[in-house]
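*Asks:* Just to be clear, the model below is a prediction. Sequence and coordinates:
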Amino acid sequence: MRRSALGSLLLALTLVASGLTSNLASPPTASAVTSLERPPKGANDWTCRPSAEHPRPVVLVHGLGANMGMNWGYLSPRLKERGYCVFALTYGLHPLAVPFGAPGGTIKIEDSARELKTFIDRVLAATGSSQVDLVGHSEGTFMPQYYLKFLGGAPKVKRYVAYTPLYAGTKILGIPAIRDAGEKAGLAQPIINLISAFCGSCTQFLAGSPMQKKLAEGGAAAPGVEYTTVMSKYDELVIPYTSGYLPGQRNYVLQDLCPMDLSEHLAMAFDAVAAQIAFNALDPEHAQPITC
């Protein structure tokens, strides 16, 4: 029984992390770091000053295993075209991340949140603004919660658009149930420690993890922040997709608006309907009807 629980937990956690850890073989080269620092089109113009129409800069926060260029190539230029000052960062690079396509978000949530805090403070200083708006995808909806709740970030954020959020964590592959069984047998922690050595965040956003419970305590929404969540019934990574639902906030499911929209977890960042929801959420006074 103990061997069965150990094997199941190891296999499940390995499947989650395998797409990331397969690329964590050697330190990044100088050219690779430069490429990762290359923002998506429209982002990181440090001379940009917010207008009266769009008074807050927008900070884009990518998902697990992505980076700013990979995640925001669609949304960033469209926000810029609408007159926003747009900023993006690549956070949470593992010390062993490889040169090409190095996956961000693979260190512990609390450490990535400190990187986000530093970046937002830089954006505020450069633009002269007192607040930003956030658009996050996947881990970019989960990690910033630590910044908002425990690093003094809530007063600095007005609006937060969350693509494929997982405030209640994910039950992908039934891993939380396997973990719980492993904990009863005293087997879970060594496996969690092993996975965390390569991906510090991978076990933290599982449903029922200590971090997920910490972020959800007292309600997931940070006081004073206006949230808009965008979920998909076809999300194959956030299980169930309703993990992103926030009581008392604006919650959208793509297929409730456009039944033929098949975008799942990864495609959300490139979805035209999701982008329209973001535009309306960031500027509700000029919201437009959603077109499919």
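*Replies:* Here it is on my side, so go on. Residues are numbered from 1 along each chain as shown.
*Asks:* make it CA atoms for all contacts and neighbour counts henceforth
*Replies:* OK.
*Asks:* Might you list the low-confidence residue ranges for the chain?
*Replies:* The chain contains residues with pLDDT under 70 at 1-37, 97-102, 173-192, 194, 196.
*Asks:* so what's the backbone phi/psi at L206?
*Replies:* Backbone dihedrals for L206, given as degrees, to the nearest 10, come out at phi -70, psi 140.
*Asks:* you'd agree it is up against T170?
*Replies:* Yes - counting by Cα atoms under 8 Å, L206 sits close enough to T170 to count as a contact (4.9 Å).
*Asks:* In three-state terms, how would the nearest residue to W46 once chain neighbours are set aside be classified?
*Replies:* Among residues not flanking W46 along the chain, A126 sits closest, at 6.4 Å (Cα to Cα, 6 or more residues apart in numbering). Per DSSP: H, G, I helix; E, B strand; the rest coil, the secondary structure class of A126 is helix.
*Asks:* Which helix or strand contains the spatially most central residue of the chain?
*Replies:* Nearest residue to the geometric centre of the chain (Cα atoms, centre = their mean): G140, 1.5 Å. Secondary structure assigned from DSSP states H and E places G140 in helix 139-150.
*Asks:* what's around the residue nearest to W46, how many residues?
*Replies:* As a burial measure, A126 scores 14 neighbours (other Cα atoms under 10 Å).
*Asks:* And P50, by the same measure?
*Replies:* By the other Cα under 10 Å criterion, the neighbourhood of P50 contains 18 residues.
*Asks:* Quick one: residues contacting it.
*Replies:* By Cα atoms under 8 Å, 6 or more residues apart in numbering, the contact list for P50 reads 56-57, 84-85, 127, 129.
*Asks:* And those residues, which two are furthest apart?
*Replies:* When Cα to Cα is used, the two most widely separated members of those are Y84 and S129, lying 12.7 Å apart.
*Asks:* Of these two, give the one with the bigger neighbour count.
*Replies:* Of the pair Y84 and S129, Y84 is the one with more neighbours under other Cα under 10 Å, namely 24 against 16.
*Asks:* Which residue, neighbours along the chain excluded, lies closest to F270?
*Replies:* Among residues not flanking F270 along the chain, Y74 sits closest, at 5.6 Å (Cα to Cα, 6+ apart).
*Asks:* and what of D271?
*Replies:* With sequence-adjacent residues excluded and distances taken as Cα to Cα, 6+ apart, D271 is closest to S263, at 6.8 Å.
*Asks:* and if you look at R56?
*Replies:* The spatially closest residue to R56, leaving aside those adjacent along the chain, is V132, at 5.0 Å (Cα to Cα, 6+ apart).
*Asks:* Distance check, that neighbour against L116.
*Replies:* V132 sits 12 Å away from L116, going by Cα to Cα, to the nearest Å.
*Asks:* ok, back up a step: could you name every residue contacting both of Y84 and S129?
*Replies:* Contact criterion Cα under 8 Å, 6+ apart; residues bridging Y84 and S129 by contacting each: 50, 56-57.
*Asks:* Export those residues as JSON lines, with columns for distance to P95 and secondary structure.
*Replies:* Compiled in JSON lines, those are given as follows (distance: Cα to Cα, whole Å; DSSP: H, G, I helix; E, B strand; the rest coil):
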{"residue": "P50", "distance to P95": "35", "secondary structure": "coil"}
{"residue": "R56", "distance to P95": "33", "secondary structure": "coil"}
{"residue": "P57", "distance to P95": "30", "secondary structure": "coil"}
